[in-house]
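> fold the following and give me the result.
(one chain, ligands or ions: 1)
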Amino acid sequence: MMRRKLVVGNWKMHGSIASNKTLLEGVVAGLRDLHDADAVVCVPYPYLGQAQSLLQGTNVAWGAQNMCSTKDGALTGAVSPAMLVDYGCTHVIIGHSERRNLFHETDDTAAARFSAALEAGLIPIFCMGESAEERESDWTDYIVGRQLDSIIRRFGPHVLANAVLAYEPLWAVGSDNPATPQQAQEVHEFIRRRIARCDPQIATAVRILYGGSVTAANAAQLFAMPDIDGGLIGRASLSAQDFVPICRAANPGS
Ligand code: PGA
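Numbers count the residues shown, from 1 in each chain. Predicted coordinates for the structure are as follows:
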């Protein structure tokens, strides 16, 4: 089965109205003929309206980097799933390691947001990954398995039919030290095998992205691995010059 590749830009806390305009116009122009892969940008909340107005009608979709699991209420500073839908978002990143580590999010709260995203009709991009110490102690499968199970055990494997998974080893994120294609492939294969134990069809269909220091120079090699279905891109999503070739690497021949 051929899984369609997907490249997602994660702008994190970067951007301004002026720089976003240049970036998004460059991305749209550079990806006009991207037919056999999908591209998404996940922007900071205040720029969702701008993303919507510049990307509507193009082949680039947009989304957010987090959300609250609750529909509405007295939750100062929180943003609900329906608010993202109001701005035309299709995707939302859930459980990024920066959210887990800097904002103390847990497997439980990530799982609640994952399920709330699906309920709202959003595609959650669910992030998993081990730290350098955990890898050194040979705990990678244990950590990634636990994070994956936090979804499968609660909701069943079928929920992955409408979700995207992302393997983002913490030591590779923001580090200029990407996983090698073989290192990433090993973990992606582990993830797919673990899902296959519960549901082989879902395991074959689900897209698993790799994230962590992906650049225009290493994207093609990573995306060529059998279980790597695209990328979640941080720094290299902040300029069209870097992001466009990464998306094109997901669509060889474009
Ligand atoms: P990076 O970030 O590409 O800057 O390493 C990836 C991510 O955190 O999604």
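> now residue 41. Nearest residue, chain neighbours left out?
Distances taken as C-beta to C-beta, 6 or more residues apart in numbering place residue 9 nearest to residue 41, at 4.2 Å, with adjacent residues excluded. For glycine as for every other residue, the C-beta is placed from the backbone atoms N, C-alpha and C.
> so what's that neighbour up against?
By C-beta atoms under 8 Å, 6 or more residues apart in numbering, residue 9 lies in contact with 27, 39, 40, 41, 42, 233, 237, 238, 243.
> doesn't it fall inside a strand?
Yes - under DSSP: H, G, I helix; E, B strand; the rest coil, residue 9 sits within a strand.
> any idea how far it is from the ligand?
Distance of residue 9 to the ligand, given as C-beta to the nearest ligand atom, to the nearest Å: 9 Å.
> got the confidence number for that residue?
Confidence at residue 9, expressed as pLDDT, is 98.
> how many residues are close by whichever residue of the chain sits closest to the ligand?
Going by C-beta to the nearest ligand atom, the ligand is nearest to residue 234 of the chain, at 2.3 Å. Residue 234: 21 surrounding residues under other C-beta atoms under 10 Å.
> what's the answer for residue 182, then?
By other C-beta under 10 Å, neighbour count at residue 182 equals 9.
> tell me the contacts of the spatially closest residue to residue 119 that is not a sequence neighbour?
Closest residue to residue 119 apart from its sequence neighbours, by C-beta to C-beta, 6+ apart: residue 81 at 7.1 Å. Going by C-beta under 8 Å, 6+ apart, residue 81 touches 67, 68, 69, 71, 92, 116, 117, 119, 120, 122.
> ok, residue 130 next?
Going by C-beta under 8 Å, 6+ apart, residue 130 touches 139, 140, 143, 144, 169, 170.
> out of the residues you listed, who's the most crowded?
residue 169 (28 neighbours).
> separation between it and residue 82?
Distance, residue 169 to residue 82, by C-beta to C-beta, to the nearest Å: 33 Å.
> so where's the stretch 51-200 of the chain uncertain?
Low-confidence segments of the stretch 51-200 of the chain, defined by pLDDT under 70: none present.
> where do the helices sit along the stretch 151-254 of the chain?
Using DSSP state H, counting those that start in this stretch, the helices of the stretch 151-254 of the chain run over residues 181-198, 200-205, 219-223, 240-249.
> counting contacts, what elements does the second one pack onto?
What it means is helix 200-205. Judged by 3 or more C-beta pairs under 8 Å, 6 or more residues apart in numbering; DSSP states H and E, the packing partners of helix 200-205 are helix 181-198.
> any residue of the helix it packs on touching the ligand?
No - using C-beta under 6 Å from any ligand atom, helix 181-198 never reaches the ligand; the gap is at least 12.6 Å.
> now do the strands in the stretch 51-200 of the chain.
Listed in chain order, the strands of the stretch 51-200 of the chain (DSSP state E, counting those that start in this stretch) span 60-64, 91-94, 123-128, 164-167.
> which other residues reach the last one?
Pointing back at strand 164-167 there. With C-beta under 8 Å, 6+ apart, strand 164-167 has contacts from 6, 8, 91, 93, 123-129, 144, 148, 184, 187-188, 191, 206-211, 232.
> get me the contact residues on this structure for the ligand.
Residues of the chain lying near the ligand (C-beta under 6 Å from any ligand atom): 10, 168, 173-174, 211-214, 232-236.
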